[in-house]
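J.: pasting the sequence and the predicted coordinates here, then a few questions.
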Amino acid sequence: MTNPNSFGSRATLNVDGRAYTIYRLDAVSKSSNGNSDRLPFSLKILLENLLRNEDNAFVKRADIESLAAWKTKDKLEKEIAFRTARVLLQDFTGVPAVVDLAAMRDALAKLGGDPKRINPLQQVDLVIDHSVQVDEYGSEAAFFINAEREFERNQERYAFLRWGQKAFNNFSVVPPDTGIVHQINLEYLAQAVYVNTVDGESTAYPDSLVGTDSHTTMVNGLGVLGWGVGGIEAEAAMLGQPVSMLIPEVVGFKLHGKFPAGATATDLVLTVTQMLRQKKVVGKFVEFYGAGLSSLSLADRATIANMAPEYGATMGFFPIDDETLNYLRLTGRDEHQIKLVDSYAKLQGLFRTDATPDPEFTDTIDLDLSTVRPSIAGPKRPQDR
């Protein structure tokens, strides 16, 4: 369906001689009396999503206006339709989803249709990690032996997945000898700024996803919007259905100061988890801000974001900044992609620096990093440190 571009947000971004279609957030600044400029970064990403997917069906002009004018202190019960850039599956829930697609193809063929028309409409990555068994350990050959036995033990499943990867568009499988799903997502799959090319036109927009694992939130540390969902919700997203959600409350978590000697990222994670459990953030976004972020490595941020299910939030989001770009470069991302992330985030007001004005949040909490002390989790729950 054609985007009516009600706010005139459609524009072109040129990076190294390549042109990308984008939907500018500043197009709604005037109509919201500048309110959209003060939104948390996570809500700005949702706002861009609505601008780009406006179709007068799932997303209407009024939806965009409601989010752009969102008042942080108000309890706004407004439902929006959020379309993710991609879907991430792990093998326990992902394989049945692929089986469903294959069954749809069989059904369409029986009705006389073209089965090749059944494909995921979003990019789908299935990572084999949850079901992998360990038969050998403590030896240099353990990795190779376990990988070989995994393929032998589940030969039929891997033959099916190989067929699926060849048969379906927008579908890829990461084999079991590669790593866990969250590590692969963070180090390889996540793009920070996603590019979708259709009929020769490349559109750039913030990377986002839903995943069939509660700890999908780990990728929030890279400035990627995403959280865990059930298999049915993921399958609906694969087939082009938007995620229906209320505009969330966003709790800002301000970090300032620097780590004291002897304190580690684990100590920070346990401290943050304890504080957020007491704050009661279930069903809310948590967004981290403040100059203290500059002293956190990407690994530290990913660890904190990974714990979102433990502190109860939908996600724990870290905006794109220089550390994000450093990590993309460290993990071998294409240099042009890194330039695109840099240019796009700065143009859209999605790039954080220590001088960035604090966004307006529903509620806030702060932590002086110098007060973090060595601690251990437990005895039963991570917040009981």
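T.: Arrived safely, thanks for sending.
J.: what's in contact with stretch 342-349?
T.: 13, 15, 20, 22, 24-26, 37, 44, 48, 192-193, 204, 223, 320, 325, 350-351 (Cβ atoms under 8 Å, 6 or more residues apart in numbering). Where you see a C-beta, it was placed from the backbone N, CA and C, and this is true even at glycine.
J.: rerun that using 10 Å as the cut-off
T.: With contact meaning Cβ atoms under 10 Å, 6 or more residues apart in numbering, stretch 342-349 is reached by 11, 13-16, 20, 22-26, 29, 36-37, 39, 41, 44-45, 47-48, 192-193, 195, 204-206, 223, 319-322, 324-325, 328, 350-353, 356.
J.: okay, strands next: where are they in the stretch 151-300 of the chain?
T.: 171-174, 193-198, 201-206, 208-211, 225-228, 243-246, 250-256, 285-289 (DSSP state E, counting those that start in this stretch).
J.: of all those, which one is nearest Arg157?
T.: strand 171-174 (10.5 Å; Cβ to Cβ).
J.: contacts for that closest one next, please.
T.: 87-91, 94-95, 98, 101, 119-120, 122-129, 158, 161-162, 164-165, 181, 184-185, 188-189, 238.
J.: alpha carbons of the helix or strand bottoming out on mean pLDDT in the chain, as PDB, please.
T.: When the helices and strands of the chain are compared on mean pLDDT, DSSP states H and E, helix 142-153 comes out lowest with a mean of 90. Only the C-alpha atoms of helix 142-153 are listed here, as PDB (Å, rounded to 0.1, in the frame of the first residue of the first chain):
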ATOM      1  CA  ALA A 142      35.200 -31.300  21.900                       C
ATOM      2  CA  PHE A 143      33.800 -28.600  19.600                       C
ATOM      3  CA  PHE A 144      34.300 -30.600  16.500                       C
ATOM      4  CA  ILE A 145      32.900 -33.800  18.000                       C
ATOM      5  CA  ASN A 146      29.800 -32.200  19.300                       C
ATOM      6  CA  ALA A 147      29.100 -30.400  16.000                       C
ATOM      7  CA  GLU A 148      29.500 -33.600  14.000                       C
ATOM      8  CA  ARG A 149      27.200 -35.600  16.400                       C
ATOM      9  CA  GLU A 150      24.600 -32.800  16.300                       C
ATOM     10  CA  PHE A 151      24.400 -33.100  12.500                       C
ATOM     11  CA  GLU A 152      24.300 -36.900  12.600                       C
ATOM     12  CA  ARG A 153      21.700 -37.000  15.300                       C
END
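J.: before we move on, back to that, wait, which of the strands of the stretch 151-300 of the chain is closest to Val272?
T.: strand 250-256 (7.1 Å).
J.: please identify the buried residues of that closest one?
T.: 250-255 (16 or more other Cβ atoms under 10 Å).
J.: so how far is stretch 319-326 off the chain centroid?
T.: With Cα atoms, centre = their mean, to the nearest Å as the basis, stretch 319-326 stands 15 Å off its chain's centre.
J.: Ser208 contacts Leu222, doesn't it?
T.: No: between Ser208 and Leu222 no contact is recorded; they are 11.5 Å apart, counting by Cβ atoms under 10 Å.
J.: spit out the residues that contact those two alike.
T.: With Cβ under 10 Å, 6+ apart as the test, Ser208 and Leu222 both reach Ala190.
J.: list the buried residues in stretch 152-167.
T.: The neighbour-count check on stretch 152-167 (16+ other Cβ under 10 Å) flags 154, 157-158, 161, 164, 167 as buried.
J.: from the chain's centroid, how far away is that stretch?
T.: 27 Å.
J.: repeat for stretch 260-268
T.: How far stretch 260-268 lies from its chain's middle: 26 Å, per Cα atoms, centre = their mean.
J.: try stretch 98-108
T.: 28 Å.
J.: gap between the spatially closest residue to Ser42 that is not a sequence neighbour and Ala377?
T.: Nearest non-adjacent residue to Ser42, counting by Cβ to Cβ, 6 or more residues apart in numbering: Phe317, 4.6 Å away. For Phe317, the distance to Ala377 equals 23 Å [Cβ to Cβ, to the nearest Å].
J.: comparing those two, which residue is more hemmed in?
T.: Phe317 (29 against 16; other Cβ atoms under 10 Å).
J.: and the pLDDT at the more buried one?
T.: You'll see Phe317 listed with a pLDDT of 98.
J.: and it, what does it touch?
T.: Taking Cβ under 10 Å, 6+ apart as the test, what Phe317 contacts is 40-43, 45, 217, 220-221, 223-227, 250, 253, 285-289, 301, 305, 308.
J.: rerun that using 6 Å as the cut-off
T.: The contact partners of Phe317, taken as Cβ atoms under 6 Å, 6 or more residues apart in numbering, are 42, 220, 287.
J.: name the member of those with the most neighbours.
T.: Neighbour max across these (other Cβ under 10 Å) = Asn220, 30 neighbours.
J.: wait, isn't that one in contact with Pro319?
T.: No: using Cβ atoms under 6 Å, Asn220 makes no contact with Pro319, being 9.9 Å away.
J.: can you give me the helices in the protein?
T.: 41-52, 61-68, 91-110, 142-153, 155-167, 181-184, 231-238, 265-279, 298-306, 308-311, 322-330, 335-347 (DSSP state H).
J.: list the contacts of the longest one.
T.: Pointing back at helix 91-110 there. Outside helix 91-110, the residues touching it (Cβ under 6 Å, 6+ apart) are 115, 118, 126, 128, 130-131, 164, 212, 231, 235.
J.: need the max-distance pair from the residues you listed.
T.: Maximum distance among those (Cβ to Cβ): 29.0 Å, for Pro115 and His130.
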